[in-house]
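Engineer: Next come a sequence and a model predicted from it.
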Amino acid sequence: MAKKQKKTTPERVPTKHQLSKWQRQTRIRRIVIIAAIVFLVGISSWVGIGYYKDYKASTAAWREVMIDVNGVPFTMEYFVKLLDASTAGMNSTLISSNGNYIAYTVAGGITDAELLRQGAESLNITVTTAEIDEALPKYGLPNDSIHQDIVRAILLGEKLKEEYFGPGLNNTMEQAHVQVMLVESQEVAAELIAEIEAGGNFTALAKEFSCNSSVEGDLGWLPEELMPNTMIATAAFNLTLGEISQPIYDATAIKDVGYWLIEVTDKQDDEINALVMLLGSEAEAERIKAELVGGNFSSLAKEHSQHESKTTGGKLDGLKRGDMGSNAFDAVAFNLTVNEVSEPVKDESVQTPSGYRLVNVLDRGNHELGEEVRQKLINKRFNDWLEEQSEKSTIETCLDAEKKEWAMNQVLAAI
């Protein structure tokens, strides 16, 4: 047996849960996330901020302005206090492991809360001290300046939605009732179109073949601005009723499936050395496998693979079961004959980009707004408005990675 090479620890493919989490986090406004953090960690367990009385007010680090929003400054002291409030109830391990994201979220929340305050004020929408004092005990929060600011942002958001964005909506709106599915390849899309045209049920086929559980099947009645993306919206408001769209390529889509090609180059006990490729569809995997001649696995992996190992030509040494976080991978890889390339291995525990969408328009026209759709429209317009406030504002930040780490360490030291 060949001499074993030095082990390299493969970077794991993110799970569907991890990727979905990050996708949600980028879509939701950061100020809402901060409010969620406050509620989820059980802020009622807050033990006070007495720790901060111990620092010297004259210390430059605490007085340094970290964020400035249209001339309104926020110091390191404020940032640390809000970090502390947002992590109340969390243990030190959880804070440490999520420190970068927490610091990023809180910093963004400071900016968004101030943009919200300034923008609402320009619309003559404000929150009184009495309203804040009344809301604090409802949320189980102490009455201090940090929690007053948190509650002010929450109440301002609610008022804007109720008094500004909500009243502007009509009871009816031009909408389309559509069915949608995302499939892995043009070949699969063509097969499904033929099956639907022969009498197959679109929704049933979507449940079986769609590669994205968040956008599949019957979407119900939706206005154009709430369609999942512009391609679906274009199809929904231009196709003939009952017509199935041609396969629409979507490079931004994320599929809940991938296909491995695996070649085991060495085996010893419960470990293997392997060359791997992760591809976006079975058809692509079949095409790439047909090109595997003359030991060109590594070059093809560098060109086509969606796994992190592509930078080393798909080479992963010293793999044990579980290292890849994929049962589908393990079931094949640890049973392959050395130097044999596997058939495409379907893996629904990974995610790969791009796919083909099929859209079916069931109906279209003026339709009454359902309450859920109405709330989604209000939230979208609120978020768009807040984004506009950001784009036309002057925002400066001095919070680099080193300062965020320093701030998190102050919070951890107080636990």
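Structural biologist: Okay, I see it.
Engineer: ranges for the strands of the chain?
Structural biologist: 65-69, 72-75, 172-183, 217-223, 248-255, 258-268, 271-279, 315-319, 345-347, 352-368, 395-397 (DSSP state E).
Engineer: Which stretch among those is buried most, on average?
Structural biologist: Among the strands of the chain, strand 271-279 has the highest mean neighbour count (mean count of other Cβ atoms under 10 Å), at a mean of 24. (Glycine included, C-beta is placed from N, CA and C.)
Engineer: what is the rounded mean pLDDT of that strand?
Structural biologist: For strand 271-279, mean pLDDT rounds to 96.
Engineer: Going forward, the N-terminal residue is numbered 11.
Structural biologist: Sure thing, new numbering starts at 11, so read that last one as strand 281-289.
Engineer: That strand: how far from the chain's middle?
Structural biologist: Chain-centre distance of strand 281-289: 28 Å, with Cα atoms, centre = their mean, to the nearest Å.
Engineer: by contact count, what packs against that strand?
Structural biologist: strand 268-278, helix 292-300, helix 307-314, strand 325-329, helix 337-343 (3 or more Cβ pairs under 8 Å, 6 or more residues apart in numbering; DSSP states H and E).
Engineer: Low-confidence bits of the chain, can you list those?
Structural biologist: 11-69, 223-226 (pLDDT under 70).
Engineer: quick one, domains of this structure?
Structural biologist: 36-177+389-423, 184-265+363-378, 271-289+296-360 (automatic domain parsing).
Engineer: Nearest to G252 among the strands of the chain would be which one?
Structural biologist: Among the strands of the chain, strand 362-378 comes nearest to G252, with 7.1 Å by Cβ to Cβ.
Engineer: Excluding residues flanking it in the chain, which one is nearest P83?
Structural biologist: Spatial nearest neighbour of P83, excluding adjacent residues (Cβ to Cβ, 6 or more residues apart in numbering): V75 at 4.3 Å.
Engineer: list the contacts for that neighbour?
Structural biologist: By Cβ atoms under 8 Å, 6 or more residues apart in numbering, the contact list for V75 reads 83-85, 408.
Engineer: Using neighbour counts, pick out the buried residues of stretch 342-351.
Structural biologist: For stretch 342-351, the neighbour count (16 or more other Cβ atoms under 10 Å) marks 342-344, 346, 351 as buried.
Engineer: what angle do the longest helix anywhere in the chain and strand 75-79 make?
Structural biologist: In the chain, assigned by DSSP state H, the helix with the most residues is helix 109-132. Using axes from the mean of the first three to the mean of the last three Cα atoms, to 10 degrees, the inter-axis angle of helix 109-132 relative to strand 75-79 is 40 degrees.
Engineer: other SSEs contacting helix 109-132?
Structural biologist: helix 40-50, strand 75-79, strand 82-85, helix 86-96, helix 155-170, helix 381-401, strand 405-407, helix 411-423.
Engineer: Out of these, indicate the one that is most buried.
Structural biologist: Of the helices and strands packed on helix 109-132, helix 86-96 is the most buried (mean count of other Cβ under 10 Å), at a mean of 23.
Engineer: Just the CA trace of that one, in CSV.
Structural biologist: In CSV, the C-alpha atoms belonging to helix 86-96 read as follows (Å, rounded to 0.1, in the frame of the first residue of the first chain):
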residue,chain,number,x,y,z
MET,A,86,-17.9,52.2,22.5
GLU,A,87,-19.6,52.4,25.8
TYR,A,88,-23.0,52.3,24.1
PHE,A,89,-22.0,49.5,21.8
VAL,A,90,-20.8,47.3,24.7
LYS,A,91,-23.9,48.0,26.8
LEU,A,92,-26.1,47.0,23.8
LEU,A,93,-24.0,43.9,23.3
ASP,A,94,-24.5,43.0,26.9
ALA,A,95,-28.3,43.5,26.7
SER,A,96,-28.5,41.5,23.5
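Engineer: Which strands and helices lie in contact with it?
Structural biologist: helix 40-50, helix 70-73, strand 75-79, helix 109-132, helix 155-170, helix 411-423.
Engineer: ok, and for the shortest one, which residues are buried?
Structural biologist: Going by neighbour count (16+ other Cβ under 10 Å), the buried part of helix 70-73 is W72.
Engineer: how far is it from where the chain is centred?
Structural biologist: Distance, centroid of helix 70-73 to centroid of chain: 34 Å (Cα atoms, centre = their mean).
Engineer: I'd assumed I272 was in contact with E350.
Structural biologist: No. With contacts defined as Cβ atoms under 8 Å, E350 does not count as touching I272, sitting 9.1 Å away.
Engineer: Including distance to I156, could the buried residues of stretch 342-351 go into TSV?
Structural biologist: TSV is the format used below for these (distance: Cβ to Cβ, whole Å):
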residue	distance to I156
V342	53
A343	52
F344	53
L346	58
V351	59
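Engineer: Between which two of those residues is the distance greatest?
Structural biologist: F344 and V351, at 15.2 Å, using Cβ to Cβ across these.
Engineer: thinking again about what came up before, which of the strands of the chain sits closest to Y111?
Structural biologist: Using Cβ to Cβ, the strands of the chain put strand 405-407 closest to Y111, at 16.5 Å.
Engineer: Check which helices and strands the closest one sits against.
Structural biologist: strand 75-79, helix 109-132.
Engineer: any residues touching it, and which ones?
Structural biologist: Applying Cβ under 8 Å, 6+ apart, the set of residues contacting strand 405-407 is 76-80, 117, 121.
Engineer: how about the residues you listed, which pair is most distant?
Structural biologist: Longest span within those, Cβ to Cβ: N80 and A117, 16.3 Å.
Engineer: For the closest residue to N376 other than its chain neighbours, give its distance to K386.
Structural biologist: Residue nearest to N376 in three dimensions, not counting chain neighbours: T182, with 4.9 Å by Cβ to Cβ, 6+ apart. Noted for T182: a distance of 16 Å to K386, by Cβ to Cβ, to the nearest Å.
Engineer: Excluding sequence neighbours, find me the nearest residue to H377.
Structural biologist: Closest residue in space to H377, ignoring its immediate chain neighbours: Q185 at 4.3 Å, by Cβ to Cβ, 6+ apart.
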